[in-house]
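Chemist: Turn this into a structure:
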Amino acid sequence: VLRDVIARALDRLSEGNLPDRDHVAATLASLIPGIAAASWMVMAVINGALAQGVLARFGVAWRPSPDLARLALPRWLTAALAAAAAAVLMGGAWRFLGINLIIALSVPFCLGGLAVLHAAARRLPHPGMVLVAFYTVAGMFGWPLLAAAMLGVFEAWLGLRRRLAPQGVQVDG
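Modeler: Numbering: from 1, shown residues only. Modelled structure (predicted):
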């Protein structure tokens, strides 16, 4: 059903000139569950951060604002990512599940990569300028967030934040 809806939308957008329309529609339909999950997580993070910022600004926050540079992902996320990658290799329904899990897991790993970026920026004389530049480019193009997700995967394996944190700063994880 979803594949048919996407196929009709592709027909309208391409005026019927898309050569592999059915393949494109099937591929997009198979990715939508992971994209929807990732989108939901991103919106929850953004809304939570905005709400916390407003509450902290007015001095009515129940809890202190979290420090992104100290964010530590649970170890089981790395195992879940490895299991999802293995599922992709198995093919069939496992491939579908694995691909969508990888898409969904990209959000927490992106946050882990942003934690590394924030920790590294603190070593610079003007960390705010670097962070504003990064988030501006990420907002314009999106691909820096994919790089941040990869950085988050490396952080989980290598503990990059501990190496990048300024002297005397304790980093969790």
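
Chemist: right, and the helix or strand after the longest helix belonging to the chain?
Modeler: Counting residues, the longest helix found in the chain (DSSP state H) is helix 21-57. Later in the chain than helix 21-57, the nearest helix or strand by DSSP states H and E is helix 76-90.

Chemist: and the helix or strand following that next one with helix 76-90, angle?
Modeler: Next helix or strand after helix 76-90 toward the C-terminus (DSSP H and E): helix 92-121. On the basis of axes from the mean of the first three to the mean of the last three CA atoms, to 10 degrees, helix 92-121 is oriented at 140 degrees to helix 76-90.

Chemist: Beyond helix 92-121, next helix or strand please.
Modeler: helix 127-141.

Chemist: how about that next one: buried residues?
Modeler: The neighbour-count check on helix 127-141 (16 or more other CB atoms under 10 Å) flags 127, 130, 131, 134, 138 as buried. Just so you know, the C-beta spots here come from the backbone N, C-alpha and C atoms, and that holds for glycine as well.

Chemist: try stretch 79-87
Modeler: Neighbour count says stretch 79-87 has 80, 81, 84, 87 buried, by 16+ other CB under 10 Å.

Chemist: Quick one: residues contacting the third one.
Modeler: Same thing as residue 84. Neighbour list for residue 84: 97, 98, 99, 101, 102, 105 [criterion: CB atoms under 8 Å, 6 or more residues apart in numbering].

Chemist: Quick check, pLDDT for the fifth one.
Modeler: According to the per-residue confidence, residue 102 scores 98 in pLDDT.

Chemist: Spell out which residues make up each domain of this structure.
Modeler: 1-66, 68-173 (automatic domain parsing).

Chemist: ok so, going back, with the contacts of residue 84 in mind, which one is nearest to residue 5?
Modeler: The closest of those to residue 5 turns out to be residue 99 (CB to CB; 20.0 Å).
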